[in-house]
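**Q** Return atomic coordinates for the entry below.
(chains A and B)
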Amino acid sequence: MSKKTLTLMSKDKQLFNIEEHLAVQSVTIRNMVKEDGASSVIPLPRVDSETLALVIEYLNRQQAPEEDEDYVKKFVDERGEIPTLLELAQAALDLDIKKLMDAACMKVADLIKDFTLEEVREALRIENDRTPEEEKAIRDEFQWAF
Amino acid sequence: MKKKRNRRQQRPMDRISDLPDPIVHHIMSFLTTLDITKISILSKRFFFLWSSFPAIDFDQSTFIAQPSKGSLASVANAFLDHIQNSIRIRRIDTVLSKFRVKATLKGIYVDPRFDSAIEFALENGVRTMDLDLGLTKYRLPVSFASKSINVLSLNGFRFDLCDLITACPSLGVLNLTSCELLQDYVDFSSETLTEISLRCCDVKFIKIKALNLRYFLFEGKHRPARHCRIDLLKCENVRHLYLYHLVNGHGWIEEHANSLGKLETFTLNGCQDIQHIRVWNENLERVDISNCPSLVSYFGYKGTDRNRVCNIRFIASSRIVELSIADAGITDEWVEAQLASFGSLRLVACNSLNKVKVVHEKLQELELYDCLRLIEAEIDTPQLLYFKYRGVYVRNSIYDTGGVTQNNDLFYGLRKLLSFFGHCQSLKVCCSRQKGIAASNDNHKHTDARSWQYRASTEELLIPEDIRERLVSPLYDLQHFEIHITSMDKIETDLVDSLLWLSPLPKTLHISFGLKDSLQMIIKIYDHSFFINLQFAYNEMITGEEEDNPICCRSKPIKCWRHYLRRVEIQSNDNVSPDNVDKLRKYFHQNAMMLESFCFNKLQGFYENVVTKSVPLKVESMPSAAVQVIPPAQAATSAPHQLYHYLTITIPFHPQPYSCNISQPGLGTSPIRLASAVLPPARQRYRPAAPMAADGLKEKNYFLEQDDLQIYI
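**A** Numbering: from 1, shown residues only, chains lettered A, B, ... in the order given. This next block holds a predicted model:
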């Protein structure tokens, strides 16, 4: 039986091929395949080509089940930049790949947990939209945490 | 911590600040409560993300980590305020996955702020609830009910467990610690519960019916130990069982044997009164037994998976006396490492054993049974009372020579092997040919194979004369010598002679043959095969007479039986031909210088033979004799089992004229009285602690050995 191949398209219209039995680790793709056989190209409008390449690499891994955990961890560790991880998490969320989602979010949490508030804001590109007074009120409420 | 910049960071920023809520929540789920709280301050959006985060966690230890003044009560009060305020600003828009509170509310039994927090969690469809209030008995709200809750952990609460189970129909995991269950008798059933842990809960009786229960842990109060009865008879799928400090009556494990058939993990720790454990279970992977002072026996493991048994550990289980492991892949190292405390060790069919080293001060019983790859066993056990080995002794030499053994190495080997047991009190040697060997000669006719087997079997024990001259007998101290030969049809005096060389001063020599070779089978083979039991009585050593015996033992420090033997008693069952007895009698008369009496006892079932054949034999041979034929009591007088009847013929050497006195049940010439039932010393060895009274015979260990029962009328 020849292996069926699917084509995924990133938001910048790049095409990626992947064998179906590997692609269906993504619950989203599995459902699409079930519904219409996914004969044509599957568009992923929120995933850019760089991230999709990573996802494809992840899906193509050939690991024994007992080594899989370690592999996923290493895979994420090697791409330990917060923006990349967030892109990966985003793609994993869209494609519904739980393991990748967990690993990416865990890595982000691991990285930001020792950050100061300012560093977290910088890392996650968060704009502080509170006035100093508002912020003080919150700090007072949660004074035990600071 | 500075981030390195790379080109990916130059990408448009809107993507990141637009991070979807699920991703932020997912990241938060990997952070501590403290870090999660900090998130709320990042921005308005993150405050909202914090307030909608579907896991709520209050931990007083982080709360009071900051400098806080005041008493324990005021800290608790401030913490409850914090819980209330914090709950007010929560906006859970999905299902609350987890609600956890860890606090020390000592002395607080009811508090509206805490009750409303619990209610908030229940209203939001909480799945996992973990409430730990420390050393208190907080009254759980009576209205506590949830269709969604799946995992519930409570520490320091007071409630009615049966009501709780009814109120939470989806409950799968229940952990209770230091809870007061209001009722002493708890009896509930659940289809959903898969795990139950009860730690330090006041309860006297728990009956659980939960077919899906996989995991059960009970930890009783360490001091004072409280009696608690646990009934898991209706939980047939328990895989993991942990019992700590349980006071539960002796027979709990036995009672539950049926419901524990799927056990994989079994931990028993500090259970004061459990004495015996018998779990025959192929799934068992891990057994930890510790601090069980009453435990005397453990019959634990019968497995097929060769790797699993390595997980069985016995930690500080100083009182476990018996351990039996069958058919398991234990290693030599495992045996060596685990022999901490046993008095009795039984290893059956452990084929991965190769060289075993048993060095143990207290071991009293050791069995190495059918461990087919075992080639060397080093046994250093000063207290050993009983040893049993079954396995391969001589691999090839006998078979190669086709039964005609010219190889003296065999005899040297046998002598060397036996000499290890020279100081035993009793020894049983079984010579058997396995079926496989007979089958390998399938070109022979059946009778040929049989005779070949016969030769091979007995010739192993027929020590050549020249060896006997040169060597010292290996078993000088042996008192009870048992020989079982599978394929043999009569007792040759040559064999007896050879056996009496091996063991020159026995009190009993027990020879049997038949198809079965195990101890118990001696009884069973009464009907169709032969068994003979020689008993000897010796004179005190009379030094003055030694020089009158020119036959043997000239150069040996200890003289053999020929010099001291005074009395021979032969007990036998079927198939002893008079010729055979006569030969034995002649043999003993020729050899034993001091022989005074020769007695022959036979089974009642062969009464006719004995009377018609044996009596004339004795009359003609003895110069003067009194013959008494005494049948025994009926079975019903002592044990309910079949009791074999002995016919006792006693022919003492006595100057009185010959007289014969025959009585028989049914014919009834004299009343029959059961005077005593005695296990001969050879059998007492097998169970050192056994009582000697006739009552003991009714016990399971003995009922198969009733061939030893002698009845004196």
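**Q** any weak-confidence spans in chain A?
**A** By pLDDT under 70, the low-scoring segments of chain A are A:1-3, A:37-39, A:144-146.
**Q** So which residues of it form helices?
**A** Secondary structure of chain A (DSSP state H): helices located at A:20-23, A:27-36, A:49-59, A:65-77, A:82-95, A:98-112, A:117-124, A:132-141.
**Q** Ok, which of those comes nearest chain B?
**A** Chain B lies closest to helix A:98-112 among those, at 3.5 Å (Cβ to the nearest Cβ). Where you see a C-beta, it was placed from the backbone N, CA and C, and this is true even at glycine.
**Q** so which of the helices of chain A is the most packed in?
**A** Highest mean neighbour count among the helices of chain A (mean count of other Cβ atoms under 10 Å in any protein chain shown): helix A:82-95, with a mean of 23.
**Q** Off-centre distance for it?
**A** Put simply, helix A:82-95 sits 2 Å off its chain's centre (Cα atoms, centre = their mean, to the nearest Å).
**Q** that older thread, let's have the helices of chain A in a markdown table, adding distance to chain B.
**A** Formatted as a markdown table, those follow (distance: least, Cβ to the nearest Cβ, whole Å):
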| stretch | distance to chain B |
| --- | --- |
| helix A:20-23 | 22 |
| helix A:27-36 | 14 |
| helix A:49-59 | 8 |
| helix A:65-77 | 12 |
| helix A:82-95 | 5 |
| helix A:98-112 | 4 |
| helix A:117-124 | 6 |
| helix A:132-141 | 5 |
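**Q** For A:Asp96, see how far away B:Asp18 is.
**A** Going from B:Asp18 to A:Asp96 by Cβ to Cβ, to the nearest Å gives 19 Å.
**Q** now B:Glu195
**A** Distance of B:Glu195 to A:Asp96, given as Cβ to Cβ: 29 Å.
**Q** more crowded one of those two?
**A** Shown here are B:Glu195 and A:Asp96; by other Cβ atoms under 10 Å in any protein chain shown, B:Glu195 has more neighbours (18 against 15).
**Q** contacting residues around A:Lys73?
**A** Each residue near A:Lys73 by Cβ atoms under 8 Å, 6 or more residues apart in numbering or on different chains is listed here: A:Ala103.
**Q** now do B:Ala377
**A** By Cβ under 8 Å, 6+ apart, the contact list for B:Ala377 reads B:Lys355, B:Val356, B:Lys357, B:Val358, B:Leu368, B:Tyr389.
**Q** okay, now B:Arg562: neighbour count?
**A** Residues near B:Arg562, counting by other Cβ under 10 Å, number 19.
**Q** what do you get for B:Asp494?
**A** Neighbour count for B:Asp494, taken as other Cβ under 10 Å: 13.
**Q** Which pLDDT value goes with it?
**A** pLDDT recorded at B:Asp494 is 76.
**Q** Show me what the helix or strand it falls within packs onto, helices and strands only.
**A** Assigned by DSSP states H and E, B:Asp494 falls within helix B:493-502. Using 3 or more Cβ pairs under 8 Å, 6 or more residues apart in numbering or on different chains; DSSP states H and E, the elements in contact with helix B:493-502 are strand B:480-485, strand B:508-513, helix B:578-591.
**Q** now it against helix B:578-591, angle please.
**A** 40 degrees (axes from the mean of the first three to the mean of the last three Cα atoms, to 10 degrees).
**Q** Helix B:493-502: which residues count as buried?
**A** Buried residues in helix B:493-502, counted by 16 or more other Cβ atoms under 10 Å in any protein chain shown: B:Thr493, B:Leu495, B:Val496, B:Ser498, B:Leu499, B:Leu500, B:Trp501, B:Leu502.
**Q** Report the separation between the spatially most central residue of chain A and A:Cys105.
**A** For chain A, A:Ala89 is the residue whose C-alpha lies nearest the centre (Cα atoms, centre = their mean; 1.8 Å). Counting by Cβ to Cβ, the gap from A:Ala89 to A:Cys105 is 6 Å.
**Q** do the same with B:Leu374
**A** The gap separating B:Leu374 from A:Cys105 is 55 Å, by Cβ to Cβ.
**Q** Return the residues in contact with the residue nearest to B:Asp115 when sequence neighbours are not counted.
**A** In this structure, B:Asp115 finds its nearest non-sequential neighbour in B:Pro141, 5.2 Å apart by Cβ to Cβ, 6 or more residues apart in numbering or on different chains. Neighbour list for B:Pro141: B:Asp115, B:Ile118, B:Glu119 [criterion: Cβ under 8 Å, 6+ apart].
**Q** Look up phi and psi at the last one.
**A** Reported as degrees, to the nearest 10, the phi and psi values for B:Glu119 are phi -60, psi -40.
**Q** Setting the sequence-adjacent residues aside, check what's closest to it.
**A** Excluding the flanking residues, the one nearest B:Glu119 by Cβ to Cβ, 6+ apart is B:Pro141, at 7.1 Å.
**Q** and the residue of chain B nearest chain A?
**A** Closest residue of chain B to chain A, Cβ to the nearest Cβ: B:Phe30 (3.5 Å).
**Q** Would you agree that residue is in contact with A:Met106?
**A** Yes - applying Cβ atoms under 8 Å, one finds B:Phe30 in contact with A:Met106, separated by 4.8 Å.
**Q** could you turn the helix or strand containing B:Ile467 into CSV, dropping everything but the C-alphas?
**A** Applying DSSP H and E as the criterion places B:Ile467 in helix B:465-470. The C-alpha coordinates for helix B:465-470 follow below in CSV (Å, rounded to 0.1, in the frame of the first residue of the first chain):
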residue,chain,number,x,y,z
GLU,B,465,33.9,-53.1,47.2
ASP,B,466,37.3,-51.6,46.5
ILE,B,467,36.1,-48.1,47.1
ARG,B,468,34.4,-49.2,50.3
GLU,B,469,37.7,-50.6,51.5
ARG,B,470,39.6,-47.5,50.7
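**Q** nearest residue to B:Pro506 other than its sequence neighbours?
**A** Leaving aside its sequence neighbours, B:Pro506 sits nearest to B:Phe481 (Cβ to Cβ, 6+ apart; 4.7 Å).
**Q** who's that neighbour bridged to?
**A** Taking DSSP bridges as the rule, B:Phe481 bridges to B:Leu427, B:Leu509.
**Q** Using neighbour counts, pick out the buried residues of stretch B:372-389.
**A** For stretch B:372-389, the neighbour count (16+ other Cβ under 10 Å) marks B:Leu374, B:Ala377, B:Ile379, B:Thr381, B:Leu384, B:Leu385, B:Tyr386, B:Phe387, B:Tyr389 as buried.
**Q** helix/strand/coil for the first one?
**A** Taken by DSSP: H, G, I helix; E, B strand; the rest coil, the conformation at B:Leu374 corresponds to coil.
**Q** So what's the residue count around the residue nearest to it when sequence neighbours are not counted?
**A** Distance criterion Cβ to Cβ, 6+ apart; nearest residue to B:Leu374, sequence neighbours excluded, is B:Leu353 at 5.1 Å. With neighbours defined by other Cβ under 10 Å, the count for B:Leu353 comes to 23.
**Q** Tell me the secondary structure at B:Leu353.
**A** Three-state assignment for B:Leu353 (three-state DSSP): coil.
**Q** phi, psi of it?
**A** Dihedral angles (degrees, to the nearest 10) for B:Leu353: phi -80, psi 140.
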